[in-house]
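Asks: What follows is a protein structure lacking sequence information:
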């Protein structure tokens, strides 16, 4: 029998491993195929060196109860259930692939299986004698694909768009108080997650174009989400005449409509994403400043030309 303290480690283990593995419209599709398109390394058997005869145990994982076995993309981890002097559980073995047969010395273990950011941990008891049934791990997992639009120009693409996924259990919590699941997620990428509600933050650029939504991921299904931004990509140029080349060695200061400094840049063609609204930019070149008021319209990427001598 395990103590209450050990059982608490089991409950925390899935979340810890998920952390180390790194306004919206949503549409859910079924069934979900999360099989990776690349071959993964072969499996390796493991056994302890206690002198006892090893027992072979079959391990398999499914997305939903009664579903087909996942045969690619799994990471199996086996832990000693007794905490070490630091209070952590010792990792005994780790292997990648799909369903597998592993050799265990009779005893008690924690076995965790991860599929992307989805995972589950179970206690495994290996007897010295008698039959050992195959162990099925039900992931209760689904998939999430994130994209975004801005204004009426359709889907946002490129390096400026990134997503962060947080636990959505407390829907009134601030982002800083939530459990981070994954950050730096690119658009149109399948993220494997346990069933549940997640808080998604979409950052279009790194200034002020941010939108948020609470999304439900259903097990065995793929949920596609379109986050809705009202922003545009703006490129600044200091020019001697309209349509001219940008002048190098220019320092830029960007202000909100209320006069607060938003960002400072240096270069001939700095660009950034801004939320729809009114702004002022000031170009500093050879000790002189050249200010300009401008407006950003959602979905309309523009070049803002500041005229030298204006």
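Replies: Perfect, thanks for sending it. Please read these numbers as outputs of a predicted model, since none were measured by experiment.
Asks: how about low-confidence regions in the stretch 151-300 of the chain?
Replies: Applying pLDDT under 70 to the stretch 151-300 of the chain flags the ranges 153, 171-172.
Asks: Helices along that one, start to end?
Replies: Counting by DSSP state H, counting those that start in this stretch, one finds no helices in the stretch 151-300 of the chain.
Asks: May I ask you to confirm that residue 121 is in contact with residue 109?
Replies: No: between residue 121 and residue 109 there is no contact under Cβ atoms under 8 Å: 10.5 Å. To be clear about C-beta, it is placed using only N, CA and C from the backbone, and glycine gets the same treatment.
Asks: OK, contacts around residue 231?
Replies: For residue 231, the contact set (Cβ atoms under 8 Å, 6 or more residues apart in numbering) comprises 150, 204-205, 209, 273-276, 296, 298.
Asks: Give me the subset of those lying in strands.
Replies: Mapping the contacts of residue 231 onto strands (DSSP state E) picks out 150, 204, 273-275, 296.
Asks: ok so, going back, tell me the one of the contacts of residue 231 nearest residue 305?
Replies: The shortest approach to residue 305 among those belongs to residue 296, at 14.7 Å (Cβ to Cβ).
Asks: what's the closest non-adjacent residue to the residue nearest the centre of the chain?
Replies: Centre of the chain computed as the mean C-alpha position; nearest residue by Cα atoms, centre = their mean is residue 182, 3.0 Å away. Leaving out its chain neighbours, the residue that sits closest to residue 182 by Cβ to Cβ, 6 or more residues apart in numbering is residue 165, at 4.7 Å.
Asks: okay, now residue 221: neighbour count?
Replies: 18 (other Cβ atoms under 10 Å).
Asks: wait, isn't residue 256 in contact with residue 279?
Replies: Yes: counting by Cβ under 8 Å, residue 256 does reach residue 279; the two are 6.4 Å apart.
Asks: quick one: which of these two has more around it?
Replies: residue 279 (18 against 14).
Asks: who's in contact with the closest residue to that one other than its chain neighbours?
Replies: Once flanking residues are discounted, residue 279 sits nearest to residue 294: 5.9 Å by Cβ to Cβ, 6+ apart. Applying Cβ under 8 Å, 6+ apart, we find residue 294 in contact with 278-281, 304.
Asks: okay, how far is it across stretch 64-74, tip to tip?
Replies: Start to finish, the residues bounding stretch 64-74 are 15 Å apart (Cα to Cα, to the nearest Å).
Asks: and if you look at stretch 246-264?
Replies: End-to-end for stretch 246-264, by Cα to Cα: 17 Å.
Asks: What of stretch 235-253?
Replies: 13 Å.
Asks: can you pull the buried residues of that stretch?
Replies: Residues 236-239, 246-247, 250, 252-253 are the ones in stretch 235-253 that count as buried (16 or more other Cβ atoms under 10 Å).
Asks: Kindly provide the distance from residue 236 to residue 162.
Replies: Noted for residue 236: a distance of 22 Å to residue 162, by Cβ to Cβ, to the nearest Å.
Asks: and what of residue 60?
Replies: 35 Å.
Asks: Also residue 287?
Replies: Separation of residue 287 from residue 162 (Cβ to Cβ): 37 Å.
Asks: and what of residue 205?
Replies: 9 Å.
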